[in-house]
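[1] one predicted model, sequence on top.
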Amino acid sequence: MSLHSFSLSLLLSSLSSALSKSTITLHEASLRRKHLDQVYVQLIVSGLHKCRFLMIKFINACLHFGDVNYAHKAFREVSEPDILLWNAIIKGYTQKNIVDAPIRMYMDMQISQVHPNCFTFLYVLKACGGTSVEGIGKQIHGQTFKYGFGSNVFVQNSLVSMYAKFGQISYARIVFDKLHDRTVVSWTSIISGYVQNGDPMEALNVFKEMRQCNVKPDWIALVSVMTAYTNVEDLGQGKSIHGLVTKLGLEFEPDIVISLTTMYAKRGLVEVARFFFNRMEKPNLILWNAMISGYANNGYGEEAIKLFREMITKNIRVDSITMRSAVLASAQVGSLELARWLDGYISKSEYRDDTFVNTGLIDMYAKCGSIYLARCVFDRVADKDVVLWSVMIMGYGLHGHGQEAICLYNEMKQAGVCPNDGTFIGLLTACKNSGLVKEGWELFHLMPDHGIEPHHQHYSCVVDLLGRAGYLNQAYDFIMSMPIKPGVSVWGALLSACKIHRKVRLGEIAAEQLFILDPYNTGHYVQLSNLYASAHLWTRVANVRLMMTQKGLNKDLGHSSIEINGNLETFQVGDRSHPKSKEIFEELDRLEKRLKAAGYVPHMESVLHDLNHEEIEETLCHHSERLAVAYGIISTAPGTTLRITKNLRACINCHSAIKLISKLVDREIIIRDAKRFHHFKDGVCSCGDFW
């Protein structure tokens, strides 16, 4: 090598080293481009562009710099590039994910009668996997045999990966099965392929076979296996893989941390997931999404929103998944102020027209008590799909606007959108919450006309529809005629209706089935106990209490939340822990006196008989929603709408009392309980007492 060429080589090496920095200033970038220009001119002037070694180094420097066009220009200056030069430029394009260029270069290479080697196929097959043209990949596959690489394990591994990316997992398996000398990469490629193509069980079967062959898995294989166990919801086996990860010392691999976070978050172990999340110094978007969606999907709405706020404060880029998770979390929190803030944030982002995000916004506003704002979002979406229509219909259903739901359904059909099973769940919910028995019955029987087969949720809606309206025998006959075995939701709807209408024998039949299907659900025992109490069957009430004690079951504590000036305050029955407790109970006393003066009489028949009259009255007026109402009245200006969320179904006494309170204090009071929304105004509730 001449002194000149040696100097150029050193300059290129220095330049490549400098380019390895992850961040550079614009000034530095400009200087490096000038260096490339200088080196390129010297190569041409001195005739050293004919030196293969120097041209490969120069092309690699250009590619490292991100200037593939410059690299290609330099490549074209070589009159007869050999396989090493061809591989350098093909590899460069592949690494920059410019998938069409490597394939074109490969074709040009064949025209130049330069035979590919093993590395050529590795780069080209990887590029093929990034395209949507399967035919080209199959042609390249054929040429691997032509050039003698039909049994080369590295090339065959690339083929497995390529076919998996195409979604042709059966072809990938054929290639894999023909491999005689399988490496860990071979096993990992096929396992990852099955996971990517939605077949986690087969991925786990292959992993089991891999372990039987005594092949030690790498971290890539373990990521896929953990993903598979997460998808099949097998936390036990997922934990065993976690143990293997620890044993192999791979627990700190970033992708492993992401998989562990996702696995534990999806299965509801959010504290464990957060432990792994916190171990990452700079969590990437996938990790943020795993943690936020884990919180949101498991009912930890406030934690999800807190983490989302932290994410945007740190200027970390969000995506559609982040936004959908945040919207879901906001719907759980139930704060209209938070919902408006999130809607405002989304309206300024690139996801303001995202159909999935807007669908979530409609659901969010409906669950935060504003069906008006839900409809505003619905109306501003230009391209509405069936899910968007269905969510709006369900929103009307939750608020008891049955006729509006049916009108929207008719608009949907006129728009040429075919309903799905979710549409009919929304419609039936709207009908049962509005007492529209005839309309609901007719809609249920229209489902087969749209090719929709009813499932448990549809059947339970119909039982609820009939039962609430008092058609209990018809509801029972309907259950007996179901083509599928009645589940918990169906029998639960019947038991709830029996409680309303005091049908003890039929209620006992429903309860017996529920105790078989779901023996540790406290709600079923409470419902039966309340049914007995409403019929004054106190001995049976005591027997149900005993059953609960023997099973270690406790009645869920009711709690209600109200948002005042952006702060969420939560109350339990008789709660005196609030700083304004004295003022709250004084307001309760004033309200109770005004209620009695207006002729309100509490319903005491279903209240436990082992309390005296005064204790019963005090217990009833100190329910959590009554405390929240009192706090709202003393904390806001006259006429302010009060928005309250309760975790359980509102009792008949509180429902009747709050109806009258809304008139006495001239307020609209909106309560979201476990079943639906109640809009109390001028002494009337939107539910029409169907709840």
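    Yes, it's here. Numbering: from 1, shown residues only.

[2] buried set for stretch 285-301?
    Taking 16 or more other Cβ atoms under 10 Å as the basis for neighbour counts, the residues of stretch 285-301 that come out buried are 286-298, 300-301. Any C-beta I mention is one placed from the backbone N, CA and C, and that applies to glycine too.

[3] check these and tell me the two furthest apart.
    Greatest spatial distance among those (Cβ to Cβ): 286 and 301, at 21.3 Å.

[4] circling back to that earlier point, closest to residue 586 out of the buried residues of stretch 285-301?
    When those are compared for distance to residue 586 (Cβ to Cβ), residue 301 comes out closest, at 32.4 Å.

[5] ok, the closest residue to the closest one other than its chain neighbours - how many residues close by?
    Closest residue in space to residue 301, ignoring its immediate chain neighbours: residue 332 at 3.2 Å, by Cβ to Cβ, 6 or more residues apart in numbering. The number of residues packed near residue 332 is 21, by other Cβ atoms under 10 Å.

[6] could I have the host helix or strand of residue 332 exported to CSV, CA atoms only?
    Element membership for residue 332 (DSSP states H and E) is helix 320-333. The C-alpha coordinates for helix 320-333 follow below in CSV (Å, rounded to 0.1, in the frame of the first residue of the first chain):
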residue,chain,number,x,y,z
SER,A,320,-51.8,5.9,19.3
ILE,A,321,-51.5,3.1,21.9
THR,A,322,-50.4,5.6,24.5
MET,A,323,-53.3,7.9,23.8
ARG,A,324,-55.8,5.1,23.8
SER,A,325,-54.5,3.8,27.2
ALA,A,326,-54.7,7.4,28.6
VAL,A,327,-58.3,7.8,27.4
LEU,A,328,-59.3,4.4,28.9
ALA,A,329,-57.7,5.5,32.2
SER,A,330,-59.6,8.8,32.1
ALA,A,331,-62.9,7.0,31.6
GLN,A,332,-62.2,4.9,34.7
VAL,A,333,-61.3,8.0,36.8
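
[7] tell me where the stretch 451-600 of the chain has helices.
    Secondary structure of the stretch 451-600 of the chain by DSSP state H, counting those that start in this stretch: the helices cover 456-468, 472-480, 488-501, 504-517, 522-534, 538-550, 581-597.

[8] chain center to stretch 188-205: distance?
    The offset between the C-alpha centroid of stretch 188-205 and the centroid of the whole chain comes to 22 Å, using Cα atoms, centre = their mean, to the nearest Å.

[9] just the buried positions in it, please.
    188-197, 199-200, 202-204.

[10] stretch 654-665 now?
    By 16+ other Cβ under 10 Å, the buried positions in stretch 654-665 come out as 654, 655, 656, 657, 658, 659, 660, 661, 662, 665.

[11] mind listing which of these are in strands?
    Where those are compared with strands, as defined by DSSP state E, there is no overlap at all.

[12] which helices and strands does the helix holding residue 332 pack with?
    Packing partners of helix 320-333 (3 or more Cβ pairs under 8 Å, 6 or more residues apart in numbering; DSSP states H and E): helix 285-297, helix 301-313, helix 336-347, helix 355-367.

[13] could you pull out the strands in the chain for me?
    Under the criterion DSSP E, strands of the chain are mapped to 559-564, 567-572, 642-646, 669-672, 677-681, 684-685.

[14] need the winner for burial among those.
    Comparing those by mean neighbour count (mean count of other Cβ atoms under 10 Å), strand 642-646 ranks first with a mean of 25.

[15] chain center to that strand: distance?
    Here strand 642-646 shows a centroid-to-chain-centroid distance of 25 Å under the convention Cα atoms, centre = their mean.

[16] and what of stretch 175-194?
    When C-alpha coordinates are averaged (Cα atoms, centre = their mean), stretch 175-194 and its chain have centres 32 Å apart.
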